[in-house]
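Q: model the following, please.
(chains A and B, ligands or ions: 1)
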Amino acid sequence: MNFDYTEDQKSLKDEARRYLNAVSPITVVRAVLEADGDGCDSGLWKQIGEQGWCAAAIPESYGGLEMGYVELCALAEELGRALAPVPFASTVYCFAEALLAVGTDAQKEELLPQVCSGDLIGTLAVSEGAGVLTPERIATRFADGRISGAKVPVVDGLVAGKAVVLAAADTGPGLFLVDLGGEGITREKVSTIDPTRGEARIVFDDAPAQPLGDGVDGIAALSGIEDRAAVLMAFEQLGGADRCLEMARDYALERYAFGRQIGSYQAIKHKLADVFVKNEVARANAYYGAWALSTDAPELPLAAAAARVAACEAYWHAAKENIQTHGGIGFTWEADCHFFYRRARHLGLVIGSPRDWKRRLATRLEARVAAEVD
Amino acid sequence: MNFDDSAEEAAYRAEVRTWIAANAPDLSHLTAEERRNWHPRHKEVARAWQATKADAGYACISWPKERGGAGGTAIEEAIFNQEEARAGVQFTYFMTGLHMLLPALMEHSSDPASLAQVAPAVRGDTIWCQLFSEPSSGSDSAGVRCAAVREEVDGVPGWRINGQKVWNSGAQAADFGMVVARTNPDAPKHKGLTVFWTDMKAPGLEVRPIRMMSGDNELNEVFLTDVFIPDNQRVGEVDGGWKVVISTLMNERAALGSGTGLNWRDVIKLAGETPSFDGMALDDPAFREWLADYYVQSEAIRLTSFRTLTSLSKGHAPGPESSAGKLLWSSTTQDMTSVVLNVLDHFGMVDDPEIAAASGAFQHRFMWSPGLRLGGGTDEIMKNIIAERVLGLPGDIRVDKNVPFRDIPHGR
Ligand SMILES: Cc1cc2nc3c(=O)[nH]c(=O)nc-3n(C[C@H](O)[C@H](O)[C@H](O)COP(=O)(O)OP(=O)(O)OC[C@H]3O[C@@H](n4cnc5c(N)ncnc54)[C@H](O)[C@@H]3O)c2cc1C
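A: Residues are numbered from 1 along each chain as shown, chains lettered A, B, ... in the order given. Have a look, this model is predicted:
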């Protein structure tokens, strides 16, 4: 058994950290936040594309590096730690995975090489407004090669060139490929709690669209894509949560109150120990998800839901207690703590909230027990 | 024990309700943006409302008439506050002065010029701010370094103040501030402090806004460089300031502990309108279970404030118990906003007032809630107070007691 990164994977991760420290220091995140624009540093995105990171897990036959999913998880962990303001998750975990999972050969051949080079930003457009979107409530319609409706919020919707859109059709809900630069599309920026990740409202007015794949059940396909994205995103969350813990620990060592380091008070020690334990819960479940993802194991749906539930909780907890440990300083705009607070909740909502994933998890547990009985 | 109004209380409540309905400001013509705290239009509405109340004898009802109050009872005041909150016209601008600082001023000062400042504050004509915290003195509120040295200027005995304050809510708009300074650095730290009040426009006093993570700018740094404060503006004894500080902090926690802002009604409304799984979020059993837990906690905050009120009406000062209310209120608020974001699902991240659920009020609160767990005493300090002062558990080993202030170890 080896339930850890291999030496090669560790050195990839170290190298990624060094690289991101150089090209994506926290000042880059702040600049994107303060610019309050499309939530993306396009120069950084170009560099990451040139590094080949988008291609890490994509098969060689589509122009990828085919390094493997554990390698992609290692990169995700570092991107999450750096809070890199780039459309990596939308493009690589969601859009590319959607193509790989259900796209036709022609679609994959056309689009994946562009994803690999970083030239094409893609995203997934699911939500239509407040609340959990169930199949019956999908209002966006597809018919005769055209799509109409509105999606909000769409992550990276301002910078994406293509989207995979969930829409209802006569044959039931399906996934459709739409060119966001094409006719019938209006998009506007939507302000959110995390301006370091851009979001848009996209209106489709008889926009040309093609079904993704062939005769795909949209709901089942989406759920499978989200499972894969959930594992990768869990690593971003873990990277962020670990960074929060380090920040809090460092501050607890240097700040004094009542003549003592605040880290010498049990209230702070236990707080940080609790953060550590939650991070370890997230790590264990994320690693298991990475194994399931990289081996296409039948356990993936359960492992992915567990990874997501644990990662959402860990990051949220770490981000808020990091602020708390910093006291008043932590509440300021000038401190970096709030970047993580924002990102923690952003990532916790982006492919559906933990509420939804806890239900998925419980359903999958039931299914597993039922399968064991047979 | 009962929560019913007596016959007179019921009559008073009816009278107050009618009066509020007839006189309350109409906020509906303000945009969502303008309805936010510290927006000039919002502040103007609050100021006018405070004056209207004062003229009708509904501001600081339990305070003596010569201080701008109405000479009424604490119960009447509580009834009015409840009705005001019910009508959605309770504002926070004057709370620091009226709930925290001026009661301490009235208790610890007998100077006529100082006491003359109370009535205008009751009318909302002046705003007060609290100048206690410093970069290295937050939780450790007796660790003040801002120094006051005796000096006489043009025959007026007084004090020369030098130092820096921080996290001062509303200082950018305040007319007066209450400041704690060290008058004896050779005494142990609680024994060398003195409290004063100052004009915020005094020469040498500079206010710089601090941007908070929520994007709002209502916290400030205040720099005092050779600021002169006449001795009659001293509140309490020389080197006896800790007593004054404690009475303001107790008042603050009691006020914060009574809980304001978005409440379970707002949550129910939102959950009833938000689709989720098989119906609305409000139909979801897991949500209902959370809602029940949230309700009992927030209701406890409200009911505990009645117990505080009962004890106030018997002439007791707010005690360490109110720390429980402050602790509950801040942590449940953060938890509640996060749950609401989850209920909204992907859309929970949207805070654009034009399209967000409840005009983005929950997202704004979400970004504010970390501050609630810090301001007015942190969660950890509230728990220490409960453990040590309510339960009688031994305190932490102290390295900062009974040594001269200048010898206490310090870091960043
Ligand atoms: C929104 C807001 C409004 C405010 N308004 C005002 C105001 O109007 N006027 C004013 O003077 N101040 C104000 N403050 C300041 C506030 O009182 C301080 O921020 C607070 O007391 C914490 O102090 P600090 O920021 O220095 O943090 P620190 O005291 O440095 O605390 C850092 C961390 O250490 C913990 N800690 C410290 N001591 C102990 C201990 N003994 N045991 C266990 N844990 C400990 C704290 O709980 C915290 O988690 C405000 C603050 C905020 C956030």
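
Q: burial of B:Leu391, as a residue count?
A: 9 (other Cβ atoms under 10 Å in any protein chain shown). To be clear about C-beta, it is placed using only N, CA and C from the backbone, and glycine gets the same treatment.

Q: quick one: the helix or strand hosting A:Ala286 near chain B?
A: A:Ala286 belongs to helix A:266-295 when assigned by DSSP states H and E. Yes: against chain B, helix A:266-295 shows contacts by Cβ under 8 Å from any Cβ of the partner chain at A:Ala267, A:Ile268, A:Lys271.

Q: is it possible to export those to TSV including pLDDT?
A: Formatted as TSV, the residues of helix A:266-295 next to chain B follow (pLDDT from 0 to 100):
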residue	pLDDT
A:Ala267	97
A:Ile268	98
A:Lys271	98
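
Q: turn those into a markdown table, columns for distance to B:Lys243 and neighbour count.
A: As requested, the residues of helix A:266-295 next to chain B are exported to a markdown table (distance: Cβ to Cβ, whole Å; neighbours: other Cβ atoms under 10 Å in any protein chain shown):
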| residue | distance to B:Lys243 | neighbour count |
| --- | --- | --- |
| A:Ala267 | 26 | 17 |
| A:Ile268 | 29 | 22 |
| A:Lys271 | 32 | 20 |
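
Q: ok, so of those residues, who is nearest chain B?
A: Nearest to chain B among the residues of helix A:266-295 next to chain B: A:Ala267, at 4.2 Å, using Cβ to the nearest Cβ.

Q: so how far is A:Ile262 from the nearest residue to that closest one once chain neighbours are set aside?
A: Leaving out its chain neighbours, the residue that sits closest to A:Ala267 by Cβ to Cβ, 6 or more residues apart in numbering or on different chains is B:Glu380, at 4.2 Å. Applying Cβ to Cβ, to the nearest Å, the value for B:Glu380 to A:Ile262 is 9 Å.

Q: which neighbours do those two share?
A: Among the neighbours of B:Glu380, those also in contact with A:Ile262 (Cβ atoms under 8 Å, 6 or more residues apart in numbering or on different chains) are A:Ile268.

Q: per-domain residue ranges of the chain.
A: Assuming you mean chain A. Split into domains by automatic domain parsing, chain A comes to A:7-120, A:123-216, A:219-373.

Q: if you could check chain B rather than the one you did, that'd help
A: Following automatic domain parsing, one finds the domains of chain B at B:7-91, B:128-243, B:257-390.

Q: now do the spatially closest residue to A:Gly352 that is not a sequence neighbour against A:Asp156, distance only.
A: Once flanking residues are discounted, A:Gly352 sits nearest to B:Asp345: 6.2 Å by Cβ to Cβ, 6+ apart. B:Asp345 sits at a distance of 18 Å from A:Asp156 (criterion: Cβ to Cβ).

Q: buried set for stretch A:239-251?
A: Buried residues in stretch A:239-251, counted by 16 or more other Cβ atoms under 10 Å in any protein chain shown: A:Gly239, A:Gly240, A:Ala241, A:Asp242, A:Arg243, A:Cys244, A:Leu245, A:Met247, A:Ala248, A:Arg249, A:Tyr251.

Q: the second one and A:Tyr315 touch, don't they?
A: Yes: under the criterion of Cβ atoms under 8 Å, A:Gly240 makes contact with A:Tyr315 at 5.4 Å.

Q: now do the shared contacts for those two.
A: By Cβ under 8 Å, 6+ apart, A:Gly240 and A:Tyr315 have these common neighbours: A:Phe340, A:Arg343, A:Ala344, A:Leu347.

Q: just among those, which is most surrounded?
A: Top of the shared contacts of A:Gly240 and A:Tyr315 by neighbour count (other Cβ under 10 Å): A:Ala344, with 28 neighbours.

Q: dump the residue contacts of that one.
A: Contacts of A:Ala344 by Cβ under 8 Å, 6+ apart are A:Gln237, A:Gly240, A:Ala241, A:Tyr315, A:Trp316, A:Ala318, A:Ala319, A:Lys320.

Q: okay if I get those as JSON lines plus distance to A:Ala257, secondary structure and pLDDT?
A: Formatted as JSON lines, these follow (distance: Cβ to Cβ, whole Å; DSSP: H, G, I helix; E, B strand; the rest coil; pLDDT from 0 to 100):
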{"residue": "A:Gln237", "distance to A:Ala257": "31", "secondary structure": "helix", "pLDDT": "98"}
{"residue": "A:Gly240", "distance to A:Ala257": "27", "secondary structure": "helix", "pLDDT": "98"}
{"residue": "A:Ala241", "distance to A:Ala257": "25", "secondary structure": "helix", "pLDDT": "98"}
{"residue": "A:Tyr315", "distance to A:Ala257": "27", "secondary structure": "helix", "pLDDT": "98"}
{"residue": "A:Trp316", "distance to A:Ala257": "26", "secondary structure": "helix", "pLDDT": "98"}
{"residue": "A:Ala318", "distance to A:Ala257": "22", "secondary structure": "helix", "pLDDT": "98"}
{"residue": "A:Ala319", "distance to A:Ala257": "22", "secondary structure": "helix", "pLDDT": "98"}
{"residue": "A:Lys320", "distance to A:Ala257": "20", "secondary structure": "helix", "pLDDT": "98"}
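
Q: where does chain A come near the ligand, residue by residue?
A: Taking Cβ under 6 Å from any ligand atom as the criterion, chain A approaches the ligand at residues A:Arg255, A:Ala257, A:Phe258, A:Ile262, A:Tyr265, A:Ala267, A:Ile268, A:Gln324, A:Thr325, A:Gly327, A:Gly328, A:Phe331.

Q: where strands are concerned, which of those count?
A: A:Ala257 (DSSP state E).

Q: taking the residues of chain A next to the ligand together, which two end up most distant?
A: Greatest spatial distance in those: A:Phe258 and A:Phe331, 20.7 Å, computed using Cβ to Cβ.

Q: out of those two, which sits in the busier spot?
A: Neighbour totals were compared for A:Phe258 and A:Phe331, and A:Phe331 leads with 27 against 21 (other Cβ under 10 Å).

Q: for that one, which non-adjacent residue is closest in space?
A: Spatial nearest neighbour of A:Phe331, chain neighbours left out: B:Gly371 (4.7 Å); criterion: Cβ to Cβ, 6+ apart.

Q: great, nothing more from me.
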